[in-house]
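# Quick one, structure for this:
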Amino acid sequence: MSAPSSTPPVQEEKQAPENEGLAVDTGLEPAGPTPSSSRFQVDLVAEAASAADKTPSTDSTLASGDKATPEGSEPAAGGEAKGRFRVVNFMDPSGASPPEVVPAEGFQNGDTVMSEGSLHSSTGGQHHYHYDTHTNTYYLRTFGHNTIDAVPNIDFYRQSAAPLGDKLIRPTLSELHDELDKEPFEDGFANGDELSPAEEAAAKEAAEPKGAVKFGWIKGVLVRCMLNIWGVMLFIRMSWIVGQAGIVLSCVIVLMATVVTTITGLSTSAIATNGFVRGGGAYYLISRSLGPEFGGSIGLIFAFANAVAVAMYVVGFAETVVELLGVSHPILPHDEINDIRIIGTITIILLLGISMAGMEWEAKAQIFLLVVLITAIFNYFIGSFIPLKSKESHGFFGYDSVIMMENMGPDFRGTESFFSVFAIFFPAATGILAGANISGDLSDPQLAIPRGTLLAILITGIVYLGVAISTGSCIVRDATGNGNDTLSTQFMANCTDAACKFGYDFSYCKGDDGHYNCRYGLQNDFQVMSIVSGFSPIITAGIFSATLSSALASLVSAPKVFQALCKDNIYPGLEMFAKGYGKNNEPLRGYILTFCIALAFILIAQLNIIAPIISNFFLASYALINFSVFHASLANSPGWRPSFKFYNMWVSLAGAVLCCVVMFVINWWAALMTNVIVMGLYIYVSYKKPDVNWGSSTQALTYHQALTHSLHLSSVEDHIKNFRPQCLVMTGYPNSRPALLHLVHAFTKNVGLMICGHVRTGSRRPNFKELSNDQTRYQRWLLKNETKAFYTPVFADDMRQGTQYLLQAAGLGRLRPNTLVIGYKSDWRDGDMMNVETYIHMIHDAFDFQYGSVVFRLKEGLDVSHISEQDDLLSSQEKTSGMKDVVVSIDMKDSDRDSSKPLSKATNSSEGPLVPRLNVADQRLLDASQLFKRKQGKGTVDVWWLFDDGGLTLLIPYLLTNKKKWKDCKIRVFIGGKINRIDHDRRAMATLLSKFRIDFSDINVLGDINTKPKKENVTAFEEMIEPYRLKEDDMEQDTAEAQKASEPWRITDNELELYRAKTNRQIRLNELLKEHSSTANLIVMSMPLARKGAVSSALYMSWLETLSKDLPPLLLVRGNHQSVLTFYS
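Numbering: from 1, shown residues only. As a prediction, this is how the structure comes out:
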């Protein structure tokens, strides 16, 4: 049971100055705003000593834009009515004229903009506050009157330490609404604006320093995406793909890849325009949409894939260089692998130097490489229009319809197929996130990412299609390279190949065994585009440009993504890589790590196995980006408002499915490995539960589903088979009565609803803001302690009224309590008996509301708030930034304060905690409070089912013994019966239990319940109730009636005689309980009922005391007499 209380356990936490509300004028000089403060300060205007001097009020003075009365001088508004308020610190108190407009770095408090220099006084300690005339007039004349209410401003909606500007804090509702003589509430951030420590640090790191280099959409996104998408595939694989698949299927392959990347680009654009985008690329987009679980898993493998991709591109470059050097000029004779290693190592060291020189140098290098690449592309197309006789033997004859028609269809050779060729081409399309990966270095990511990414996909797609059609229209599939393989006139009639038209016979390229043995043509020569081009060294330069630009982009992307991941502290131990250096916050440590990973794979020099895994890592990222858009649209969150409108949730879902299909098409075992790695990381992050709240679509969809299911549940009538105890447990603060909390949680966990009710009472006016903060704080405490329950506090005049509020209003729809659980009031004889009256009426009220009632008694007691340490509660609170670590000391002096009011005090950790020495009783109480948190050994749960209440008395122990901690306990059933029908009653109960499918170990029929109790027990009962008897026979009737009216809990002689038999039954039952169940782990017993208005509170309380004293843990249960068990299917 929750005892009256009005304060939470820890209220001494120091709040930051910016959380101060209305400051009452105490005559002291105002300190002025601090750089960290953006609040409004309001002073009460003191009542004038003389009422004769009456001038216009300060409100009208300020509204007109004139000076306010200087602080400390004779007040001009002497007759101001008490209770008025004026806004201070708007003007120079010394009466100086308003200065010119302050610079932009001034401090703005909503109504004024103050310069930093104005915070320091040079005239004898007087503080001068300069203000921006325009801003001041704008706010004070907004609606023609003086107000501290602020007009809409973008700075109110920023997060703390936001990169784009400082956050201002708008006037709180308390500052605008509360009475002026009332202490204003401490306010935190608006809902969803408060940052975790990791987010706060990341936001500060992301704050834009002066001189940072930012890129536009062309330099930052378009150039990078085009370089990454074109890559080396354009020059050394596209012609081979056309030879294998033909022009038509090659175009289909390009279009399929373009469809996947276009859908992903649209999804990326939608996410990128749904709010400010920080650095982190794909990781940032996915984590802020789907949450840290998916974001953390993808972020790690995406950063790793980019790091290994550096090695791929560098090895591709090294292989080309080795090929150019030829066998005659090797670096190391007869050792091609080591040649690749040496060239690759030198190359990546140079690339690392460019990257660490800064983003500006890297961007310049990318521009240069793009120019080379575009020149190489133009070089090829120009060469394709200039057929030379010397090139014909290599298969190039210029554009011709015969060649085009011959190459139109596929000619798959060996083990190649459409999907194998598609798998080879698709990695060329995996560069669409190159621009998004450096989102933190873009001047306007919301504009740059959609425009640059989609335009890059369009341009590169057109070029790929152009190259496919061009090569297929001017180059034959097979050529010998021998200019003497001409066709004589006599054999020309029998020749059907396209080369025959030009007088060449390449027919013997195909041997008798079906194998092809020519070196040139689309099918055989990867360098055929160099032959076609106008100047072949430019194509070689284009290949170098493509590989080096892709390597450079990946070398920059990997550290940026990894830095963003480490800033969020998703994986503990990686914080060292979050640190940035220089004006651009460069992740130098990340560069070194990426360099080491890439160098390790370069030294392997065999990337045929790891390459498909990398492609699958990229595709997994694309799939989740597409799924993010679908998920966010499905959740229908009001926060999903992308400014990019050209997306569709179902198209995004199709894109996600396509990405998954392509993963398995490219390499099924790599796809499986990717999924296993993603799920493993997802499970790890889910288990670690990082303390971040990004407002993900997962949260939005969870709410949407909960709301939908709750409404659907409300449309269905309850059924007995689906009954479950949904308990309103009067715990007070959840950590005040651990034994009650643990026991009820044991039979409601994953079965029914549990609400921890707390009635806050007190003489002072209720502080509803404090109540709201406590609700958040203790709900977090319950979650941290893995207790599946809700904490619901209310303010009320007394316990009964508060309980009535909860009985009526707690819950939602069908998710409403149906059982009231309270702790036994063990101190009922020590305090005011009106508290007993209130306690008993809580039980009556529960029955009136058709609730079942449960009273739990532990002989050591339940309330541990006066001894229990609350440090675990403090650690679960959402600490404000800058708050010191707190530990808890216990105040043992005040023993008279409220039992539900924790006595712990927050102290500074530097002072060290005070560890009290507990007395024996408190130590026993503390040990008993953890009784039900431990696994119960072999024992019994004794069920004394004396009265049929619908089955709740039997259902609770059944649910309890199904739990892991109670599975070793057996149920013993005790029932009342007649001595001459004991066997019959036992069989009848066994039949009923078997029909209910409830296992039991024994059934005991008690035939001696109505036997008279022992005389000494009767005497003890009479002595207990003696102080509470009215004894109306010994006084006048009027006096007796008056006393009964003022003390309704008193026991009348008539009442005592009328219920003598029931009293004796309670005494006798206690004797039987001690005889049969003294060793039980738990006793569950039918609660005796008392007729409302007929049995006094003192007598009913005496019954409960007599029945339950000196016993193991006891649950007194009484259902609402509606069936909760059934044996029908």
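# Quick one: low-confidence residue ranges for the stretch 101-250 of the chain.
101-147, 157-167, 173-174, 177-212 (pLDDT under 70).
# what about 90?
Confidence mapping of the stretch 101-250 of the chain against pLDDT under 90 gives the ranges 101-221, 223-240.
# Report the central residue of this structure.
Closest to where the C-alpha atoms of the chain average out (C-alpha atoms, centre = their mean) is N693, at 3.8 Å.
# In a strand, it, correct?
No: counting by DSSP: H, G, I helix; E, B strand; the rest coil, N693 is not part of a strand but coil.
# where does it land on pLDDT?
N693 is assigned a predicted lDDT (pLDDT) of 77.
# Would you quantify the distance from it to I614?
32 Å (C-beta to C-beta, to the nearest Å). For every residue, glycine as well, the C-beta is placed using N, CA and C.
# go on, R641?
Counting by C-beta to C-beta, the gap from R641 to I614 is 35 Å.
# between these two, who's got more neighbours?
I614 (25 against 9; other C-beta atoms under 10 Å).
# close enough to count as contact, the more buried one and A311?
No: counting by C-beta atoms under 8 Å, I614 does not reach A311; the two are 9.4 Å apart.
# residues in contact with G472?
V242, G246, I247, S250, I403, M404, N407, M408, L522 (C-beta atoms under 8 Å, 6 or more residues apart in numbering).
# What is the nearest of these to F304?
Nearest to F304 out of those is S250 (C-beta to C-beta; 31.8 Å).
# Could you look up the SS state of that closest one?
Relying on three-state DSSP, one would call S250 helix.
# so what's the nearest residue to it once chain neighbours are set aside scoring on pLDDT?
Leaving aside its chain neighbours, S250 sits nearest to A468 (4.3 Å; criterion: C-beta to C-beta, 6 or more residues apart in numbering). Looking at A468, its pLDDT reads 93.
# and after the helix or strand where A468 lies, which helix or strand comes next?
Per DSSP states H and E, A468 falls inside helix 445-474. Counting by DSSP H and E, the next helix or strand C-terminal to helix 445-474 is helix 528-532.
# Who are the packing partners of that next one?
With contacts defined as 3 or more C-beta pairs under 8 Å, 6 or more residues apart in numbering; DSSP states H and E, helix 528-532 has these neighbours: helix 233-236, helix 238-272, helix 359-384, helix 445-474, helix 536-567.
# could these be laid out in JSON lines, adding distance to R737?
Converted to JSON lines, the helices and strands packed on helix 528-532 look like this (distance: least, C-beta to C-beta, whole Å):
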{"stretch": "helix 233-236", "distance to R737": "68"}
{"stretch": "helix 238-272", "distance to R737": "47"}
{"stretch": "helix 359-384", "distance to R737": "59"}
{"stretch": "helix 445-474", "distance to R737": "52"}
{"stretch": "helix 536-567", "distance to R737": "41"}
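# Pick the most buried one from these.
helix 536-567 (a mean of 26; mean count of other C-beta atoms under 10 Å).
# Who is V943 paired with across the strands?
V973, V1084 (DSSP bridges).
# And what about P793, helix, strand or coil?
Under three-state DSSP, P793 comes out as strand.
# try the one 4 residues further on
The three-state assignment at D797 reads coil, by three-state DSSP.
# pLDDT score for it?
88.
# Check whether it really touches G762, as I assumed.
No: the pair D797 / G762 is not scored as a contact, 9.5 Å apart, by C-beta under 8 Å.
# Look at the two and report which has more neighbours.
Regarding D797 and G762, a neighbour count based on other C-beta under 10 Å identifies G762 as having more, with 16 against 11.
# And the more buried one, what's its pLDDT?
75.
# Look up how far Q801 lies from it.
For G762, the distance to Q801 - C-beta to C-beta - is 13 Å.
# So for the two, which residues contact both of them?
With C-beta under 8 Å, 6+ apart, G762 and Q801 have no common neighbours.
# Do a quick rundown of the helices in the stretch 751-900 of the chain.
768-784, 799-809, 833-848, 871-876 (DSSP state H, counting those that start in this stretch).
# Show me how far the longest one is from its chain's centre.
Relative to the chain's own centre, helix 768-784 is displaced by 18 Å; criterion: C-alpha atoms, centre = their mean, to the nearest Å.
# mean confidence for it?
Averaging pLDDT residue by residue across helix 768-784 gives 87.
# Same check on stretch 372-381?
91.
# residues touching V855, list them.
Neighbouring residues of V855 by C-beta under 8 Å, 6+ apart: V821, I822, G823, Y824, I843, M1087, L1104, L1115, L1116.
# okay, the helices of the stretch 751-900 of the chain in CSV with distance to I386 next?
Listed next are the helices of the stretch 751-900 of the chain as CSV, based on distance: least, C-beta to C-beta, whole Å:
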stretch, distance to I386
helix 768-784, 73
helix 799-809, 86
helix 833-848, 96
helix 871-876, 76
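# Report the helix or strand with the lowest average pLDDT across the protein.
strand 886-890 (a mean of 31; mean pLDDT, DSSP states H and E).
# I'd say W650 and V629 touch.
No: W650 lies out of contact with V629 (C-beta under 8 Å); the separation is 10.2 Å.
# what about those two, which has more around it?
Between W650 and V629, V629 has the larger neighbour count (other C-beta under 10 Å), namely 31 against 9.
# in what helix or strand does the more buried one lie?
Going by DSSP H and E, V629 is part of helix 610-635.
# what packs against that helix?
Counting by 3+ C-beta pairs under 8 Å, 6+ apart, helix 610-635 packs on helix 238-272, helix 281-290, helix 292-325, helix 649-666, helix 668-688, helix 697-714.
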